[in-house]
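1. Prediction below, plus the sequence it came from.
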Amino acid sequence: MRDEEMPTNIRLTNKEQEALRKKCIDINKILVKMGHQPVKDSELVHAVLLQVIDNIEVSTTGQIAVRV
């Protein structure tokens, strides 16, 4: 496995973990209805990061935000 493919741990708060779990359940219900395999929480995090990472910016007030 190449270095850029090595997993790295990230700590989530309980609130973040619960929000991720709930969103994963919602998405998996849709995926199963479509005949697709459900995704794991970690797979959802990877998919989201890859899609939004280039749109993360810092506002003029110093807040981190995702540009829509």
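-> It's in. None of the values given here were measured: they were computed from a predicted structure.

2. Could you pull out the strands in the protein for me?
-> 56-58, 64-66 (DSSP state E).

3. Distance from the chain centre to the longest helix along the chain, please.
-> As assigned by DSSP state H, the longest helix anywhere in the chain is helix 14-33. Chain-centre distance of helix 14-33: 10 Å, with Cα atoms, centre = their mean, to the nearest Å.

4. that older thread, okay if I get the strands of the chain as TSV plus distance to G35?
-> Every residue, glycine included, has its C-beta placed from N, CA and C. Below are the strands of the chain laid out as TSV (distance: least, Cβ to Cβ, whole Å):
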stretch	distance to G35
strand 56-58	33
strand 64-66	31
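
5. could I get these as JSON lines with distance to N28 and mean pLDDT?
-> Converted to JSON lines, the strands of the chain look like this (distance: least, Cβ to Cβ, whole Å; pLDDT from 0 to 100):
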{"stretch": "strand 56-58", "distance to N28": "26", "mean pLDDT": "96"}
{"stretch": "strand 64-66", "distance to N28": "23", "mean pLDDT": "94"}
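
6. mind checking which of the ones you listed is nearest V32?
-> Of all these, the one in closest proximity to V32, counting by Cβ to Cβ, is strand 64-66 (27.8 Å).

7. That closest one - contacts with which helices or strands?
-> strand 56-58 (3 or more Cβ pairs under 8 Å, 6 or more residues apart in numbering; DSSP states H and E).

8. Just the terminal-to-terminal distance for stretch 28-43.
-> 12 Å (Cα to Cα, to the nearest Å).

9. what does stretch 24-40 give?
-> End-to-end for stretch 24-40, by Cα to Cα: 7 Å.
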